[in-house]
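A.B. asks: Curious how this folds, go ahead:
(one chain, ligands or ions: 3)
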Amino acid sequence: MSPWKRIIELTSGGENGVPFPLMCSLVLGRYSWCPALVLWRTSSGSAGMAKSKFEYVKEFEVQDTCLRNCWVVVRVDGKNFHRFSEQHNFTKPNDIRALQLMNRCAKNVMKELDNICIAYGSSDEYSFVFHKNSNWHKRRASKFMTHVVSQFASSYVFYWKEFFSSQPILYPPGFDGRVVIYPSEENLKDYLSWRQADCHINNMYNTVFWALVQKGGLTPAKAQERLRGTLSADKNEILFSEFGINYNNEPLIYRKGSVLIWQKVNEVSKKTVKLSNETEEQEVEVSRWRTEPVLLHTDLIGEQFWEEHTAILSYR
Ligand SMILES: Nc1nc2c(ncn2[C@@H]2O[C@H](COP(=O)(O)OP(=O)(O)OP(=O)(O)O)[C@@H](O)[C@H]2O)c(=O)[nH]1
Ligand SMILES: [Mg+2]
Ligand SMILES: [Mg+2]
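C.D. replies: Numbers count the residues shown, from 1 in each chain. Ligands and ions are numbered 1, 2, ... in the order given. The predicted structure follows:
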């Protein structure tokens, strides 16, 4: 079959129909047919929109709209950070640089994307809550998730040197993401409480485990054995009696994780102004209020936090 015949068949979908734009193109000359390949006039006449026979493939896309009036949570988590933290010599059990980098990335996500009202993170994970009234990207789950994950991952690499200075990042880290929708405030608060309880349990275990290994000289296997079946009170006791550590004095960022909420902050900057004689200049301080993501290391479990910060979940 000649290439021309093939083109006509492809674009018309039938033996008789030479598509209108293609016909024009053929008349206009050999160099003008390319764009016409995928366009033809629909039979609906004057209202005819440009369409292609390939357009049916759009029907394969699935609807992934998040249910209206529900809180949308996107959680990201570092891919194989057990290895990443080893390779980059993260301090055990907590590396303050790594945690601050996670917080920096989360701040960037909150600023770049719309309608995130609160975020919570610990270890290699961060949860972002989109307000239930958000109509960002028509509430498409894939948009919420992919925007959060890509913004977070690129920020991690972008801000790395702010926290690790001359230590290079050895390979590109990855993050996974998931979307969960919560239909009530109670469910949402319980979700955040669950993540904070997880932070507490893991941190307490890791603090005792690494004390037993690093200060007590136990092998990791022996330390694991020692901790099997112990309760929170037992771990507190080991820390206090054997290592003189009062768990309650450990930094809040390790024990409680990190919360980001929008708050008004007064930003003071210096500005040069001309004096009335127009020749002299003077530096003055100007202050203005800005709404910024502010970092807290506080209890989300219980009602007190929500009573003190009613604006977070309020109507917008
Ligand atoms: N040393 C150190 N390690 C950390 C720190 N934060 C996170 N990690 C490591 O990151 C891991 C995170 O746990 P997970 O997310 O459950 O496991 P993962 O290895 O990332 O595996 P996937 O998430 O399933 O891909 C921890 O088990 C630690 O090994 C830190 O501050 N210091
Ligand atoms: Mg992980
Ligand atoms: Mg994790």
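A.B. asks: can you pull the contacts of the closest residue to Phe175 other than its chain neighbours?
C.D. replies: Nearest residue to Phe175, sequence neighbours excluded (CB to CB, 6 or more residues apart in numbering): Val76, at 4.5 Å. Bear in mind the C-beta positions are built from the backbone N, C-alpha and C, glycine included. Val76 sits next to Glu125, Tyr126, Phe128, Val148, Val149, Phe152, Phe175, Asp176, Gly177 when contact means CB atoms under 8 Å, 6 or more residues apart in numbering.
A.B. asks: anything in the strand or helix carrying Val76 near ligand 3?
C.D. replies: Element membership of Val76 [criterion: DSSP states H and E] is strand 71-78. Yes. Strand 71-78 reaches ligand 3 (CB under 5 Å from the ion) through Asp77.
A.B. asks: Now do that strand, average pLDDT.
C.D. replies: Strand 71-78 shows a mean pLDDT of 98.
A.B. asks: and the helix or strand just after it with ligand 2, contact?
C.D. replies: For strand 71-78, the succeeding helix or strand toward the C-terminus, using DSSP H and E, is helix 81-87. Yes. Looking at helix 81-87 against ligand 2 by CB under 5 Å from the ion, the contacts come from Phe81.
A.B. asks: Mind listing what's buried along helix 81-87?
C.D. replies: For helix 81-87, the neighbour count (16 or more other CB atoms under 10 Å) marks Phe81, Phe84, Ser85 as buried.
A.B. asks: Verify the contact between Glu112 and Phe152 for me.
C.D. replies: No. Using CB atoms under 8 Å as the test, Glu112 is too far from Phe152 to be in contact (10.0 Å).
A.B. asks: Give me the more crowded residue out of those two.
C.D. replies: Neighbour comparison, Glu112 and Phe152: the larger count goes to Phe152, with 22 against 13 (by other CB atoms under 10 Å).
A.B. asks: Quick one: residues contacting that one.
C.D. replies: Shown in contact with Phe152 (CB under 8 Å, 6+ apart): Val76, Cys105, Ala106, Asn108, Val109, Tyr126, Phe175.
A.B. asks: Just name the closest of those residues to Ser287, please.
C.D. replies: Ranked by distance to Ser287 (CB to CB), those are led by Asn108 at 24.3 Å.
A.B. asks: Next secondary structure after the helix or strand encompassing that closest one?
C.D. replies: Assigned by DSSP H and E, Asn108 belongs to helix 96-112. Next helix or strand after helix 96-112 toward the C-terminus (DSSP H and E): strand 116-122.
A.B. asks: Could you give the average pLDDT over the helix or strand just after that next one?
C.D. replies: Note on strand 116-122: by DSSP H and E, the next helix or strand toward the C-terminus is strand 125-130. Mean per-residue pLDDT for strand 125-130: 98.
A.B. asks: List the beta-bridge partners for the residue in the stretch 151-300 of the chain that ligand 1 sits nearest to.
C.D. replies: Nearest residue of the stretch 151-300 of the chain to ligand 1, counting by CB to the nearest ligand atom: Asp176, 6.8 Å away. Listed by DSSP bridges, the beta-bridge partners for Asp176 are Asp77.
A.B. asks: and it, how many neighbours?
C.D. replies: Asp176 has 12 nearby residues by other CB under 10 Å.
A.B. asks: Ok, Arg195 next?
C.D. replies: Burial of Arg195 is recorded as 20 neighbouring residues (other CB under 10 Å).
A.B. asks: What of the one 4 residues further on?
C.D. replies: Neighbour count of Cys199, defined by other CB under 10 Å: 21.
A.B. asks: re earlier: the residue of the stretch 151-300 of the chain closest to ligand 1 touches Lys79, doesn't it?
C.D. replies: Yes. Counting by CB under 8 Å, Lys79 is a contact partner of Asp176 at 5.9 Å.
A.B. asks: what's the residue nearest to Gln214 when sequence neighbours are not counted in contact with, if anything?
C.D. replies: Nearest non-adjacent residue to Gln214, counting by CB to CB, 6+ apart: Lys92, 7.4 Å away. Lys92 makes contact with Asn206, Trp210, Gln214, according to CB under 8 Å, 6+ apart.
A.B. asks: Looking at the contacts of Phe152, which is nearest Met49?
C.D. replies: Distances from Met49 to those, taken by CB to CB, are shortest for Val109, at 37.8 Å.
A.B. asks: Met145 contacts Gly177, correct?
C.D. replies: Yes. The pair Met145 / Gly177 is scored as a contact, 4.5 Å apart, by CB under 8 Å.
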